[in-house]
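Colleague: Structure, please.
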Amino acid sequence: MKIYNYFLILCVSVFITSFTFAQEKEAKLSISFTKVDSVNVCKALVTSEDKPVKEVSVKLYVHRLFGLLPIGDAVSTDENGISTFNFPMDIPAESNGKLTVIAKVEDDDNYGSFETKEEVNLGVIKVATDADKNERSLSASRERAPIYFMVTSDLIIAGIWGTLIYIVFQVFKIKSISSSNKKKSQVKVNN
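Modeller: Predicted coordinates for the structure are as follows:
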């Protein structure tokens, strides 16, 4: 009976692991950039076993500080395995002028998820000027914060301190009323 149980457990575990680790088809993704009529064009090529793959949804992203910035909507590949994206001309770049562009295929039924990334010189380098440093913005220091932030924070602080002072006065008022009631009750008892 024990051998039967061990055999049954072995068969079930092999069956489960075969479906868990089922290998999807291997596919590769490559991206290239060209300029067509003053528009930057990104082409993503999806191949499997050196043949183009059609009807695969490709998404294009640019790596930013806190995540990925999507560039347009997902585009399905054509019969040549190519997805074409118009790449924006006004994305701010790092100090060296480069952007990290990522092309992804996410959760495809046949090929799973895979991606590729490439650094390109398509970004706009923003040069900080003295006017930018003196401008009020959300990321500025204290004296250059937006006025409505400063006024709002001052009102909140004043409201909190006002409430605390009011509570302290009410406590002293209760204490003085309590002591005056004790004196009145002592006077009545003595009479």
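
Colleague: Residue nearest the middle of this structure, spatially speaking?
Modeller: The chain has Gly67 as the residue nearest its centroid, 5.0 Å off, counting by Cα atoms, centre = their mean.

Colleague: mind listing what the residue nearest to Glu119 when sequence neighbours are not counted touches?
Modeller: Using Cβ to Cβ, 6 or more residues apart in numbering and skipping residues adjacent in sequence, the residue nearest Glu119 is Lys98, 4.8 Å away. The way it works is simple: take the backbone N, C-alpha and C, and place the C-beta from them, glycine included. Applying Cβ atoms under 8 Å, 6 or more residues apart in numbering, we find Lys98 in contact with 119-121, 123.

Colleague: picking that back up, what about the residue nearest to the centre of the chain, distance to Lys25?
Modeller: 29 Å (Cβ to Cβ, to the nearest Å).

Colleague: Who wins on neighbours among the contacts of Lys98?
Modeller: In terms of neighbour count, Gly123 stands highest of the contacts of Lys98 at 21 neighbours, by other Cβ atoms under 10 Å.

Colleague: In strands, which of the contacts of Lys98 fall?
Modeller: Among the contacts of Lys98, the members falling in strands (DSSP state E) are 119-120.
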